[in-house]
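# Need a 3D model of the following:
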Amino acid sequence: MTARSSAEEFWPFLISRGHVTTYRVVVAPQFLCEADLAGLLYDLAGGEPTLPGHGRYRVVRGTAAGDFVLMFRVHLGESEGGGGRPGAPLRDEHGRRIPVIDGVVERVRRFDPTTGAGVLDEGRRRCRQRFREFWESGDGSRPPHPSAAFTAARTQGGAVRWEELPEYVVARLASTDSPLECDGDSGEREAEPGEPLGGTVRWPRRLTVGAAVGLAAGLAGWAVSRSHH
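Below is the predicted model:
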């Protein structure tokens, strides 16, 4: 009897921009939208277009929605041509080609390099209609569309040559108050996706009142001690 590949769950996501609207998260996993963490994808995925047969992944730990792994590709967007053929290149108001970052999120702690191109292809297919609507509307005020999970055999499609990106860990301040992991924005940015991420550890962007007061007091004490030297 031939062993079958077990089906796993994956959540599609897509990041891009419109002709005039800035880069933003267009589609995000429902569990990240519910945790107000969809905008986090903007900092975690991006870069130059990936080569055919290649992909990128990043392990994410310590968020309010738990640990997960991003797997994605970057390509230059094109309109849909007839008969399944590629259409005209998508360009911004300055005539520059528009990158599209699409992929899947898996709610696991470790990346599995046997994940095949078929999983990424299915994620792209499930985002296609939402991206078309976003592009045609030119509406930059829409929140990310929450995507549902789909099941797929992990190894389906051709093998992918994976590039590892630095692990992203949400650090927590030592305080009785629990700071928030993310500011919960929709992921709209002027810069290209992936650029703001400078290291493997990101500090929370917002603090609770107690944590903020403690931090301010500490800085004030430091300033006083410096003034006596």
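# Look through this protein and tell me its longest helix.
If you go by DSSP state H, the chain has its longest helix at helix 117-137.
# low pLDDT regions in this structure?
Confidence mapping of the chain against pLDDT under 70 gives the ranges 1-6, 81-86, 172-229.
# Helix, strand, or coil at Val108?
Assigned by DSSP: H, G, I helix; E, B strand; the rest coil, the conformation of Val108 is coil.
# if we can go back for a sec, give the buried residues for the helix or strand following the longest helix of the chain.
Note on helix 117-137: by DSSP states H and E, the next helix or strand toward the C-terminus is strand 145-147. Buried residues in strand 145-147, defined by neighbour count with 16 or more other C-beta atoms under 10 Å: 145, 147. For glycine as for every other residue, the C-beta is placed from the backbone atoms N, C-alpha and C.
# looking just at contacts, which helices and strands does whichever helix or strand comes after strand 145-147 meet?
Of the helices and strands lying after strand 145-147 in sequence (DSSP H and E), the nearest is strand 150-153. For strand 150-153, the elements it packs on are strand 7-16, helix 117-137, judged by 3 or more C-beta pairs under 8 Å, 6 or more residues apart in numbering; DSSP states H and E.
# Give me the angle between the first one and helix 117-137.
Right, the one you point to is strand 7-16. Here strand 7-16 runs at an angle of 30 degrees relative to helix 117-137 (axes from the mean of the first three to the mean of the last three C-alpha atoms, to 10 degrees).
# CA atoms only for strand 7-16, dumped as PDB, please.
The C-alpha coordinates for strand 7-16 follow below in PDB (Å, rounded to 0.1, in the frame of the first residue of the first chain):
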ATOM      1  CA  ALA A   7      -3.200  17.100   4.500                       C
ATOM      2  CA  GLU A   8      -2.200  20.200   6.400                       C
ATOM      3  CA  GLU A   9      -3.900  23.600   7.000                       C
ATOM      4  CA  PHE A  10      -2.600  26.800   5.400                       C
ATOM      5  CA  TRP A  11      -3.900  30.400   5.400                       C
ATOM      6  CA  PRO A  12      -3.400  32.600   2.200                       C
ATOM      7  CA  PHE A  13      -2.100  36.100   2.300                       C
ATOM      8  CA  LEU A  14      -1.200  38.800  -0.200                       C
ATOM      9  CA  ILE A  15       0.600  42.200   0.000                       C
ATOM     10  CA  SER A  16       0.800  44.700  -2.900                       C
END
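# Direction included, what does that strand pair against?
strand 24-29 (antiparallel), strand 99-106 (antiparallel), strand 150-153 (antiparallel) (DSSP bridges).
# closest to Ala171 out of those strands?
When the strands paired with strand 7-16 are compared by C-beta to C-beta, strand 99-106 sits nearest Ala171, at 21.0 Å.
# Please enumerate residues in contact with that closest one?
Applying C-beta atoms under 8 Å, 6 or more residues apart in numbering, the set of residues contacting strand 99-106 from outside is 8-16, 29, 32, 45-46, 49, 55, 68-77, 115, 119-120, 122-124, 127, 131, 192-194.
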